[in-house]
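# what shape does this take:
(one chain, ligands or ions: 1)
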Amino acid sequence: MAQLTCNNLTIGYDGKTVLKGLNFSVNSGDYLCIVGENGSGKSTLMKTILHLLAPLEGSVIIENKQHSGGIGYLPQQTVVQKDFPASVLEIVISGCLNRCGLRPYYSREEKQLSRENMEKMGISHLSKRCYRELSGGQQQRVLLARALCAAGKMLLLDEPVSGLDPKATAEMYELIQKLNEEGITIIMISHDIGTAVNYASHILHMGNPYFFGTKDEYLDSSIGKAFSTQDGGSKA
Ligand SMILES: Nc1ncnc2c1ncn2[C@@H]1O[C@H](COP(=O)(O)OP(=O)(O)OP(=O)(O)O)[C@@H](O)[C@H]1O
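Numbering: from 1, shown residues only. A predicted model of the protein is given here:
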């Protein structure tokens with residue numbers, strides 16, 4: 001069943017179109033990689049899916065939102081965020097804020113959920129450490145644990161390995177794959193087509209024309225062939 005459907009969706013800012021007429025859907029348990037050149041609209045699409053930006057035309061439908069819980073979001077990290085003066089636990093548990101509603105404290109269940117997600121991400125031993133003193137890879141695990149606290153069944157990840165070294169990158173991809181195997185739907189922006197093709201079940205290649213289909217359909221398509229042979233098949 002489709003968890004997310006974009007119908008004839010036009011995205012952009014202040015009435016200026018970035019990409020027109022997008023049609024695709026994501027089913028529960030899918031792993032969608034969004035690839036495309038700089039400025040092709042990947043982050044704009046993600047913000048539109050999150051309802052942070054209104055569509056210029058068309059619609060974004062998220063099925064059973066009230067039953068499936070929230071959407072976990074891992075934004076692209078900025079320099080300011082890397083310097084955030086809070087403890088790991090404070091950052092992870094802030095992912096539960098939406099669950100609190102008007103209640104001005106975290107419940108026992110929310111504290112337990114934060115502990116479980118830190119455990120999943122292998123960062124329990126860092127819970128009291130200050131976020132800004134951590135390595136880039138550790139910081140991304142903290143933000144992923146935070147996104148998991150907010151997530152029901154869907155995680156949106158905007159270049160989760162940006163700036164990480166090869167070892168931390170591989171570990172991050174393994175963690176994301178494990179979450180997908182546990183049933184969480186993944187929608188991830190990536191600049192790395194090689195990885196997209198390795199891990200994803202579906203590819204959305206932003207551009208005019210855009211491509212949407214399964215990984216195998218992408219590898220068979222002219223756009224997929226052109227990009228997966230370019231630069232040794234790694235960069236979009
Ligand atoms: N806040 C904004 N206001 C107006 N235009 C914007 C804004 N943010 C992005 N844009 C424009 O929208 C277009 C798409 O940008 P977007 O960031 O979605 O691309 P992207 O594919 O995510 O790029 P990258 O790979 O560099 O992250 C670009 O032309 C960009 O200049």
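
# shaky segments in this protein?
For the chain, the stretches with pLDDT under 70 are 64-69, 78-82, 99-103, 228-236.

# the ligand contacts on that one?
13, 18, 36, 38-44 (C-beta under 6 Å from any ligand atom). No exception for glycine: its C-beta is placed from N, CA and C like everyone else's.

# looking at these, which are in helices?
Judged by DSSP state H, the residues of the chain next to the ligand include 42-44 as members of helices.

# select only the buried ones of those residues in PyMOL?
Buried subset of these, written as a PyMOL selection, criterion 16 or more other C-beta atoms under 10 Å:
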select buried, resi 42+43+44
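
# from the ones in helices among the residues of the chain next to the ligand, pick the one nearest residue 166.
Ranked by distance to residue 166 (C-beta to C-beta), these are led by residue 42 at 22.6 Å.

# what about the helices in this structure?
In the chain, the helices defined using DSSP H lie at 42-49, 65-68, 79-82, 88-93, 97-100, 108-120, 136-150, 166-181, 193-199, 215-220, 222-229.

# contacts for the fourth one?
For helix 88-93, the external contacting residues (C-beta atoms under 8 Å, 6 or more residues apart in numbering) are 84, 106, 110-111, 114, 117-118, 123, 126-131, 134, 142-143, 145-146, 149.

# next one: the first one
Residues from elsewhere that reach helix 42-49, judged by C-beta under 8 Å, 6+ apart: 4, 6, 9, 11-13, 18-19, 22, 34-36, 53-55, 60, 62, 71, 73, 76, 156, 158, 187, 189, 206.

# and residue 162, what does it touch?
76-77, 191 are the contacts of residue 162 under C-beta under 8 Å, 6+ apart.

# ok, 7 Å please
Counting by C-beta atoms under 7 Å, 6 or more residues apart in numbering, residue 162 makes contact with residue 76.

# for residue 10, which non-adjacent residue is closest in space?
Excluding the flanking residues, the one nearest residue 10 by C-beta to C-beta, 6 or more residues apart in numbering is residue 57, at 3.8 Å.

# residue 72 now?
Nearest one to residue 72, counting by C-beta to C-beta, 6+ apart, is residue 151 at 2.9 Å.

# so that neighbour touches residue 95, yeah?
No. Look at residue 151 against residue 95 with C-beta atoms under 7 Å: they stay out of range, at 8.1 Å.

# the closest residue to residue 36 other than its chain neighbours: neighbour count?
Among residues not flanking residue 36 along the chain, residue 206 sits closest, at 3.2 Å (C-beta to C-beta, 6+ apart). When neighbours are counted by other C-beta atoms under 10 Å, residue 206 registers 23.

# any idea how far residue 206 lies from residue 189?
Counting by C-beta to C-beta, to the nearest Å, the gap from residue 206 to residue 189 is 9 Å.

# shared neighbours, the two?
What both residue 206 and residue 189 touch, as defined by C-beta under 7 Å, 6+ apart, is the set 34, 42.

# straight-line length of stretch 180-198, end to end?
Chord length of stretch 180-198, first to last residue, is 14 Å (C-alpha to C-alpha, to the nearest Å).

# hmm, I was thinking of stretch 128-147
One end of stretch 128-147 sits 19 Å from the other (C-alpha to C-alpha).

# could you do stretch 31-40 as well?
Terminal residues of stretch 31-40 lie 20 Å apart, using C-alpha to C-alpha.

# quick check: bridge partners of the spatially most central residue of the chain?
Centroid-nearest residue in the chain: residue 157, 1.5 Å away (criterion: C-alpha atoms, centre = their mean). Per DSSP bridges, the residues bridged to residue 157 are residue 74, residue 188.
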